[in-house]
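Colleague: The following comprises the amino acid sequence and a computationally predicted model.
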Amino acid sequence: MANQGRSVLITGSARGIGAGIALEFARAGYSYIGINYSSDQENAEKVAEQVREIGAEAIVIQADVCQAAECKAMVAKFVEFAGKIDVLINNAGGGGTHPEGTFTEIPLEHWDRMIALNLNAAMYCCRYALRDMKEKGTKGRIVNISSQNAYRSWVQRKLIPYSSAKGGLNTFTLTLANEVAPLGIVVNGIAPGLVMTSITEKRYDEAKKAEWQKHIPVGFLGQPEDIAHLAVFLADEVKSRYIVGQTILVDGGQLGDGIL
């Protein structure tokens, strides 16, 4: 197969979009797949077992990607397992539980956490993955998972810190891509809209999901595989070779509808 021998490390891949990406890379013929988790080891092991059933080798690595030292150790462990890192998917992130009050009342700790998880984490992982790619001359691929909330505000859910971090991630993707493209390393991003994961399933009842669906022009709610298919495409050395520094919105047209 075309991707035989290639490796991919996906952060935050114990469930949801990250798990869907891991499985899609296995189906695409990748030989070595890294499953990262912070606290949910049980689900991470389940994803790894599904990857192995498809035919790829898998390694499960615990790391809090908000910590630079843990990112460095994670990349080193993955490289020891796979020999090199061909593709890095920075998927770990999230808005978490939002505190009450307006912007001036948001605890500084919440702001710091959102920036750490949704911006700094990708920077740390890119830093150490790129060192290995440069050392080995790997024509690597990096995909940063952003959010449609990078392009709009959502006052009701107090997303100022989250949206700011994801907006920063988009700019980071563009500027980093321009630096490393001459080395044959390509960096891009994906900005998902509403995607039905275990978290969103718990957050929205059937009535709320039906209301959301009215504002998605394609007429259905996104699934993890809708993001995973694009991630595999952006990791392809040939098919996406002229796409550099872009963050591609995948939301079924929701942003254009203008309602959240």
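Modeller: Noted; the coordinates are in hand.
Colleague: can you give me the strands in the stretch 51-200 of the chain?
Modeller: 57-62, 87-90, 141-145, 186-192 (DSSP state E, counting those that start in this stretch).
Colleague: Among those strands, which comes closest to L9?
Modeller: Closest to L9 of the strands of the stretch 51-200 of the chain is strand 87-90 (Cβ to Cβ; 5.4 Å). In short, each C-beta sits where N, CA and C put it, glycine included.
Colleague: Just checking: what are the partner strands of that closest one?
Modeller: strand 7-10 (parallel), strand 141-145 (parallel) (DSSP bridges).
Colleague: hang on, the earlier thing: export the strands of the stretch 51-200 of the chain to JSON lines and tack on mean neighbour count, mean pLDDT and distance to D205?
Modeller: Below are those laid out as JSON lines (neighbours: other Cβ atoms under 10 Å; pLDDT from 0 to 100; distance: least, Cβ to Cβ, whole Å):
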{"stretch": "strand 57-62", "mean neighbour count": "18", "mean pLDDT": "98", "distance to D205": "33"}
{"stretch": "strand 87-90", "mean neighbour count": "30", "mean pLDDT": "98", "distance to D205": "31"}
{"stretch": "strand 141-145", "mean neighbour count": "27", "mean pLDDT": "98", "distance to D205": "26"}
{"stretch": "strand 186-192", "mean neighbour count": "24", "mean pLDDT": "98", "distance to D205": "21"}
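Colleague: will you turn those strands into TSV that also has distance to A121?
Modeller: Shown next, in TSV, are the strands of the stretch 51-200 of the chain (distance: least, Cβ to Cβ, whole Å):
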stretch	distance to A121
strand 57-62	14
strand 87-90	7
strand 141-145	10
strand 186-192	14
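Colleague: Quick one: closest of the strands paired with strand 87-90 to R131.
Modeller: strand 141-145 (12.6 Å).
Colleague: And the contacts of the closest one?
Modeller: By Cβ atoms under 8 Å, 6 or more residues apart in numbering, the list of residues contacting strand 141-145 from outside reads 17, 86-91, 93, 122, 126, 129-130, 169, 172-173, 176, 185-190, 192, 227, 231, 234-237, 247.
Colleague: how about a cut-off of 7 Å?
Modeller: Here strand 141-145 makes contact (Cβ atoms under 7 Å, 6 or more residues apart in numbering) with 17, 86-91, 93, 122, 126, 129, 169, 173, 186-190, 192, 231, 234-235.
Colleague: Now do stretch 210-222, average pLDDT.
Modeller: The average pLDDT within stretch 210-222 is 86.
Colleague: buried set for that stretch?
Modeller: W212, H215, I216, L221, G222 (16 or more other Cβ atoms under 10 Å).
Colleague: and the two most separated of those?
Modeller: H215 and G222 (12.6 Å).
Colleague: Mutual contacts of these two, please.
Modeller: Taking Cβ under 7 Å, 6+ apart as the contact rule, H215 and G222 have no neighbour in common.
Colleague: hmm, back to that, so which of the buried residues of stretch 210-222 are in helices?
Modeller: W212 (DSSP state H).
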